[in-house]
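> only geometry, no sequence info:
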């Protein structure tokens, strides 16, 4: 005759099952690529961010877009996530970029912004001037732009509040 399983063994298996159910899959950033994959990701104060508008019915809103402004030598990248609360956006603007290379945010021609709402908060790198954008692929024939970014930005309404954007990467195909 077999002996019944011990209470310890039953408790152990119940604990393992409860732990596996309660663990959430950690959101990862997209891979750093340079093929026009239309991806962007970074950490905002240590939490992952990637663009997402959720379901869209008509309209031309996109969660990620960017490229060169026609007739001006300005590069811009915009990413939004309106699915999670708070809603968030990141904007990168480089004036007079010359191609692959590092663009520091202590240059007044370069600026990164972070916004979240509600409530509305706007953070700018223009105050801290800490950070950089590195263009790793600038293919103006195939319209592919790839690179990395990181910056610290200050709340324009409250200079005591800052946000840290780290491990940023983007790979966009533009028109």
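Structure received. All values derive from a computational prediction rather than experimental measurement.

> Confirm residue 32 sits in a helix?
No. Counting by DSSP: H, G, I helix; E, B strand; the rest coil, residue 32 falls outside a helix, being coil.

> Quick check, pLDDT for it.
On the pLDDT scale, residue 32 is placed at 93.

> do the same with residue 53
84.

> same question, residue 1
Per-residue confidence (pLDDT) for residue 1: 51.

> how close does the closest residue to residue 31 other than its chain neighbours get to residue 84?
Of all residues not flanking residue 31 in the chain, residue 39 sits nearest, at 7.6 Å (Cβ to Cβ, 6 or more residues apart in numbering). (Each C-beta comes from the backbone N, C-alpha and C, glycine too.) Using Cβ to Cβ, to the nearest Å, residue 39 is found at 17 Å from residue 84.

> Those two: which has the busier surroundings?
More crowded of residue 39 and residue 84, by other Cβ atoms under 10 Å: residue 39, with 20 against 11.

> for the residue nearest to residue 117 when sequence neighbours are not counted, what are its contacts?
Spatially, and ignoring its direct neighbours in sequence, residue 117 is nearest to residue 87 (5.3 Å; Cβ to Cβ, 6+ apart). Residues counted as contacts of residue 87 (Cβ atoms under 8 Å, 6 or more residues apart in numbering) are 80, 81, 116, 117, 118.

> go on, residue 134?
Residue 134 sits in contact with 101, 102, 103, 147, 148, 149, where contact means Cβ under 8 Å, 6+ apart.

> which regions of this protein sit below the pLDDT cut-off?
1-26, 55-61 (pLDDT under 70).
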